[in-house]
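In: Sharing a model that was predicted from the sequence below.
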Amino acid sequence: MAICYYNGKYAPIAECSLPVTDLVIQRGVGTFESIRVYEGRTFAMAQHLERLAGSTEGAGIKAAEIIAKLPEIIREGLARPEVKGFDGIVKPYITGGDVNDNGTFPHPRFFVVFDENIHKPTAEEMKNGIALEPNRVARPYPLIKSTNYLFGFIPLAKTSKTNFESLYITPEGEITEAMSSNFFLCKEGKIITAPVGRVLKGVTRDIILTLARENGFTVEERCPREEELAQADEAFITGSVKEILPVVRVGSQKIGSGRPGPAVQRLQHIFLQNMPKWLDK
Ligand SMILES: *Cc1c(COP(=O)(O)O)cnc(C)c1O
């Protein structure tokens with residue numbers, strides 16, 4: 001079951017539609033968040049809404065008043081019988097609206113999707129790991145979580161192998177992040193991941209780094225180099241829906257033994273144990 005808050009009311013999602021004049025449709029101008037819900041409770045909502053405020057401001061969309069109303073709209077939505085107590089996702093979207101004033105968007109629209117149907121990795125992907133396809137560009141404006149994923153999808157269509165997502169690697173060989181996940185390499189006992197600013201400030205990324213440091217892992221915040229893929233023991237990606245997912249291949253490069261390793265398995269375990277700390281009341 002999925003419902004959507006739009007134009008002041010909650011309705012079944014199929015009844016909600018945007019005008020074709022909206023710049024999110026015409027030009028891809030929009031920002032959003034995916035907030036996990038476990039048994040009716042949001043996970044790290046404040047961190048997501050703070051990031052949404054930053055993305056939206058960075059995109060020139062004037063939406064401070066909308067963002068201030070979201071916690072209440074989300075709380076009320078989650079209390080509705082259609083979704084009460086569900087495991088799922090809440091996705092607030094802010095669109096460019098119909099007006100472009102010199103690269104600013106003064107009249108945004110917004111809607112919030114409450115959906116039980118999340119595209120979680122399969123049990124097989126969790127157990128055996130996934131592959132990523134290199135995407136040899138830098139994601140522009142990395143601190144903005146934009147609705148436009150077109151340039152992340154393009155490399156996926158150009159390979160016959162099955163890939164979970166694409167992986168942004170700059171023309172200089174720096175690995176930044178995956179299409180909708182943060183990327184981590186484990187090498188010589190260290191966890192290496194790109195610094196915020198070069199990549200999106202992933203909510204799961206921040207939590208994993210906190211937990212990793214608390215549990216004695218050494219963390220290096222720098223972009224891993226493409227050549228390091230061959231020397232890595234393990235790799236993984238993180239995101240609100242996939243949580244922590246092992247990566248066993250990037251393009252034609254096998255990672256480590258080609259099987260998920262002990263570091264990622266330990267982090268998955270630590271994450272599961274500690275995740276209630278970030279569940280909202
Ligand atoms: C959503 C997203 C992430 C992961 O962020 P989470 O807050 O952990 O869900 C990372 N990179 C990109 C490009 C994203 O769109």
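Out: Received it, and whenever you're ready, just let me know what you need. Numbering: from 1, shown residues only.
In: Around the ligand, which positions in this structure sit nearby?
Out: Applying C-beta under 6 Å from any ligand atom, one finds that the chain approaches the ligand through 34, 145, 177, 180-182, 200, 202-205, 238-240. Glycine gets a C-beta too; all of them are placed from N, C-alpha and C.
In: Which ones among those residues lie within strands?
Out: Those of the residues of the chain next to the ligand mapping onto strands are E177, S181, N182, T238, G239, per DSSP state E.
In: Where do the helices of the stretch 151-281 of the chain begin and end?
Out: 203-214, 262-274 (DSSP state H, counting those that start in this stretch).
In: hang on, the earlier thing: between the ones in strands among the residues of the chain next to the ligand, which is nearest V247?
Out: Distance to V247 across those (C-beta to C-beta) is lowest for S181, with 9.4 Å.
In: My understanding was that the closest one contacts S166; is that so?
Out: No - using C-beta atoms under 8 Å, S181 is not in contact with S166; the gap is 10.3 Å.
In: buried sites along the helix or strand harbouring E125?
Out: Under the criterion of DSSP states H and E, E125 resides in helix 123-128. Neighbour counts over helix 123-128 (16 or more other C-beta atoms under 10 Å) mark M126 as buried.
In: Please apply the same query to stretch 104-120.
Out: With burial defined by 16+ other C-beta under 10 Å, the residues of stretch 104-120 counted as buried are F105, P108, R109, F110, F111, V112, V113, F114, D115.
In: so where's the stretch 51-200 of the chain uncertain?
Out: When residues are selected by pLDDT under 70, none of them lie in the stretch 51-200 of the chain.
In: how about the strands in it?
Out: With DSSP state E, counting those that start in this stretch applied, the stretch 51-200 of the chain shows strands at 88-95, 109-115, 130-135, 165-169, 175-178, 181-187, 190-193, listed in chain order.
In: Please name whichever of those strands is nearest to K254.
Out: Distances from K254 to each of those were compared using C-beta to C-beta; the shortest belongs to strand 130-135, at 9.5 Å.
In: partners of the closest one in the sheet?
Out: Here strand 130-135 is paired, per DSSP bridges, with strand 165-169 (parallel), strand 243-250 (parallel).
In: what's the distance between that strand and the middle of its chain?
Out: What separates the centre of strand 130-135 from the centre of its chain is 16 Å, taken as C-alpha atoms, centre = their mean, to the nearest Å.
In: Now do it against strand 181-187, angle only.
Out: For strand 130-135 against strand 181-187, the angle by axes from the mean of the first three to the mean of the last three C-alpha atoms, to 10 degrees is 110 degrees.
In: returning to that earlier point: would you list the strands paired with strand 130-135 in JSON lines and tack on mean neighbour count?
Out: What follows is those, written out as JSON lines (neighbours: other C-beta atoms under 10 Å):
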{"stretch": "strand 165-169", "mean neighbour count": "26"}
{"stretch": "strand 243-250", "mean neighbour count": "23"}
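In: so what's H48 up against?
Out: Applying C-beta atoms under 8 Å, 6 or more residues apart in numbering, we find H48 in contact with E33, S34, I35, V203, S240.
In: how about it, secondary structure?
Out: Each residue gets one of three states, and H48 gets helix by DSSP: H, G, I helix; E, B strand; the rest coil.
In: what is the rounded mean pLDDT of stretch 22-36?
Out: Confidence for stretch 22-36, expressed as mean pLDDT, is 98.
In: what comes up buried for it?
Out: Applying a neighbour-count criterion of 16+ other C-beta under 10 Å, the buried positions in stretch 22-36 are D22, L23, V24, V29, G30, T31, F32, E33, S34, I35, R36.
In: what do you get for stretch 80-92?
Out: Of the residues in stretch 80-92, those buried by neighbour count under the rule 16+ other C-beta under 10 Å are V83, F86, G88, I89, V90, K91, P92.
In: first to last residue in stretch 126-143, what's the distance?
Out: Its start and end residues considered, stretch 126-143 measures 28 Å (C-alpha to C-alpha, to the nearest Å).
In: typo on my end, it should be stretch 147-160
Out: In terms of C-alpha to C-alpha, the two terminal residues of stretch 147-160 are separated by 26 Å.
In: and what of stretch 188-195?
Out: Counting by C-alpha to C-alpha, the terminal residues of stretch 188-195 are separated by 19 Å.
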